[in-house]
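# When you get a sec, could you give me coordinates for this:
(one chain, ligands or ions: 1)
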Amino acid sequence: MDQTGALDALLQEERVFRPLPQLVIEANINPHQLEQAQRRAEQDPLAYWEDAAHELDWFKKWDRVLDDSNPPFYRWFPGARCNIVYNALDRHIETANKNKLALIWEGEPGDQRKYTYYELYREVNRFANALRTLGVAKGDRVVLYMPILPETAIAMLAVAKLGAIHSMVYGGFSAKVLRERVADAQAKVVITADGFYRNGRIINLKALVDEALAGAGAECVETCVVVHRVNVDTEMHEPRDLWYDDLVRQERPVCATEVMEATDPLFLLYSSGATGKPKGIVHAHGGYMVGIARTLDWVFDIKPTDIFWCTADAGWITGHSYVIYGPLVAGTTTVMYEGHPLYPQADRLWDVVARFGVTILYTSPTLVRMLMRFGVQYPRKKDLSTLRLLGSVGEPMNPEAWVWLYKYIGRSECPIMDTWWQTETGMFMISPLPISLLKPGSVNKPLPGIEADVVDAHGNPVPPGKGGFLVLKRPWPAMMTTIYKDPERYKKSYWEKIPGVYYAGDVARRDEDGYYWIQGRADDVMNIAGHRIGTAEVESALVAHRCVAEAAVIGIPDKIKGEVAKAFLVLHDGWQKEFETAEDLVAALRAHVRRELGPVAVVKSIEFRESLPHTRSGKIMRRILRAEELGQDAGDTSALEDPD
Ligand code: WT7
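Numbering: from 1, shown residues only. Alright, predicted model coming up:
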């Protein structure tokens, strides 16, 4: 937990940064309004969220704001009818937004595509009609395994428009992971691309889909829609596989938007937990759209002239909430970039900002640390003067990276919104606003309507400055509604660890001023470059290798990625017959994990042991290994023992 050198720096961080007066004057939410909102949210949180809901369009308004009769299965806006796509697209066609740019996309080779709201709306309608022809209807699951393309946004919106449920699988996951998720969701359709450009190379995505769909469990898939992106030979399996272009060519650009109950599911998104089986996090139309609309507007202070760039992949929750849905609901212009941030050189991000005049840049600490290494000569050569706000998400931001971003990218003028949230929360929960006093490395304070706390394993608040478990004490609109097909697990993993509150799985502390500092995960989940990977998933991938008898995986600090995986293995006798040296075996094991889980699961180092430490009941004690690795006293962490 207290594992990084960066953390020591965090603990000593005392600098405070103030927003420029002009920014405070121009902010959508000024200090007076914030105080009022906080007072209203404290006295009557539901009224606060109801105000936010009134800012959106509904086919029918709610009977009540929150049905909390069956906790933790909270139902937001029951009785209301809506569709998030109506708010993201349809309604803009009636306003001056119609001809405004909705989406600017840039491919890695430098090709560009731009869509106005009207154009995007028509493309979505065409593809929705095509999907309907394929038999996709309300409630059906559609899996998207896509790179960053305009069609990725179009496909998500088209699926949601029909009232079907999308489930994005990040392109950095393996064929095996894709198959498991297709099978769990019993998806009828898979949407993918022939390939994409990454770091100057072409990645053949469709080949991975073929491998996934050939395996047991994926028989549910009737159709695979393939977007043409790269010039590679692509095997098309008749009659299952269809080209996107062929499908939409004849379709009309009008399509009715399905009327949904506010509580109907909008998407599934799988996320790693403490066990080997990822959780299908479910989000619903109504509460989700209210939550992301309000938080994006307040935290990133969206103005009619903004060009908003969130660098996350659409396959993660950040991409769902703040690349696609949030910005479109807000009627702003969202930027998507297909490729690698270092291609063709370390100035690509700054180049994109300069060329499109990006005003808000929302990115991750890993990316900042990576670009920092190349020095300031890269950003210095680009005109970054259009930037007015910066943001960060996914992992703790070390003060060095914070100050670098602030100084060299933000000209010491742009505040940094370090937003704490999760796949499960759907929306920002703890974050500064542009008017806030900032402390580098802190995620500031809970947003209005959010009640957080730092507690011990029994749920008692810990004093300022002490580490504890981060919990949320009240439901919020964009919260997950359940775990797909496993409501018991939802209850147990989040609401019963510490009774009556939502257990986030993070260790945090709160300082004397009420500022929150996130210290890392409390459970056996790693955070590798802002991507959540369960240690159990990597372990089960490793023991699937014939040479491995037993595996324990822990996260260890990494200067760039924040955290990387280290594996301790007990080997079966006889591995020497297959591999000449231990190095050969290590290389084979790394490749094996990559094949099982995908390039996203980076195993940095592998150590062989005679045995691993176990509890009496036979569980591997990763805590002991971690303490050894980091040179800590294993007893140290007892105060923060997982309540399990
Ligand atoms: C976990 C959630 C939410 C989008 C990206 C990740 C960590 C998230 C921060 C932050 C420190 C952070 C937490 C959290 N995290 N934001 N600003 N500072 N840590 O979504 O994959 O659901 O992971 O990411 O550990 O629990 P996710």
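
# Taking the stretch 51-200 of the chain, what residue is nearest to the ligand?
Closest residue of the stretch 51-200 of the chain to the ligand, CB to the nearest ligand atom: residue 170 (10.2 Å). In short, each C-beta sits where N, CA and C put it, glycine included.

# With the stretch 351-500 of the chain instead?
For the stretch 351-500 of the chain, the residue closest to the ligand is residue 423, as judged by CB to the nearest ligand atom, at 3.3 Å.

# Need the nearest residue in space to the residue of the stretch 51-200 of the chain closest to the ligand, chain neighbours excluded.
Distance criterion CB to CB, 6 or more residues apart in numbering; nearest residue to residue 170, sequence neighbours excluded, is residue 315 at 3.2 Å.

# Report the secondary structure state of that neighbour.
What DSSP: H, G, I helix; E, B strand; the rest coil gives for residue 315 is coil.

# In contact with residue 625, which residues?
Counting by CB atoms under 8 Å, 6 or more residues apart in numbering, residue 625 touches 552, 554, 568, 612-613.

# from those residues, which ones fall inside strands?
Counting by DSSP state E, the part of these found in strands is 552, 554, 568.

# quick one on the thing from earlier: you'd agree the residue nearest to residue 170 is up against residue 171?
Yes. Using CB atoms under 8 Å, residue 315 is in contact with residue 171, at 6.2 Å.

# Find residues that contact each of those two.
Counting by CB under 8 Å, 6+ apart, the common neighbours of residue 315 and residue 171 are residue 146.

# same for the helix or strand containing residue 102, what does it pack against?
If you go by DSSP states H and E, residue 102 is part of strand 101-106. Helices and strands touching strand 101-106, as assessed by 3 or more CB pairs under 8 Å, 6 or more residues apart in numbering; DSSP states H and E, comprise strand 112-116, helix 117-133, helix 150-161, strand 333-337.

# most neighbours per residue, which of these?
Neighbour counts (mean count of other CB atoms under 10 Å) averaged over each of the helices and strands packed on strand 101-106 peak at helix 150-161, with a mean of 26.

# After that helix, which helix or strand is next?
On the C-terminal side of helix 150-161, the nearest following helix or strand under DSSP H and E is strand 165-168.

# Direction included, what does that following strand pair up with?
Using DSSP bridges, the strands paired with strand 165-168 in its sheet are strand 141-145 (parallel), strand 265-271 (parallel).

# just how off-centre is the last one within its chain?
Chain-centre distance of strand 265-271: 11 Å, with CA atoms, centre = their mean, to the nearest Å.

# can you check the first one too?
Relative to the mean C-alpha coordinate of its chain, strand 141-145 is positioned 17 Å out (CA atoms, centre = their mean).

# want to try a markdown table for the contacts of residue 625, with distance to residue 482, neighbour count and pLDDT as columns?
Formatted as a markdown table, those follow (distance: CB to CB, whole Å; neighbours: other CB atoms under 10 Å; pLDDT from 0 to 100):
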| residue | distance to residue 482 | neighbour count | pLDDT |
| --- | --- | --- | --- |
| 552 | 31 | 25 | 96 |
| 554 | 30 | 23 | 96 |
| 568 | 35 | 24 | 97 |
| 612 | 35 | 17 | 95 |
| 613 | 36 | 16 | 93 |
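
# Next, count neighbours for residue 592.
Neighbourhood size, residue 592 [other CB atoms under 10 Å]: 18.

# counting contacts, what elements does whichever strand or helix holds it pack onto?
Residue 592 is located in helix 582-597, with elements delineated by DSSP H and E. Where contact means 3+ CB pairs under 8 Å, 6+ apart, helix 582-597 is packed against helix 175-185, helix 535-543, strand 562-571, strand 603-608.

# Tell me who's in contact with the closest residue in space to residue 243 that isn't next to it in sequence.
Nearest non-adjacent residue to residue 243, counting by CB to CB, 6+ apart: residue 226, 5.6 Å away. Applying CB under 8 Å, 6+ apart to residue 226 gives the contacts 192-194, 206, 234, 236, 241-244.

# Following the host helix or strand of residue 226 in sequence, what is the next regular element?
Following DSSP H and E, one finds residue 226 within strand 223-227. Going down the chain from strand 223-227, the next helix or strand is strand 241-243, by DSSP H and E.
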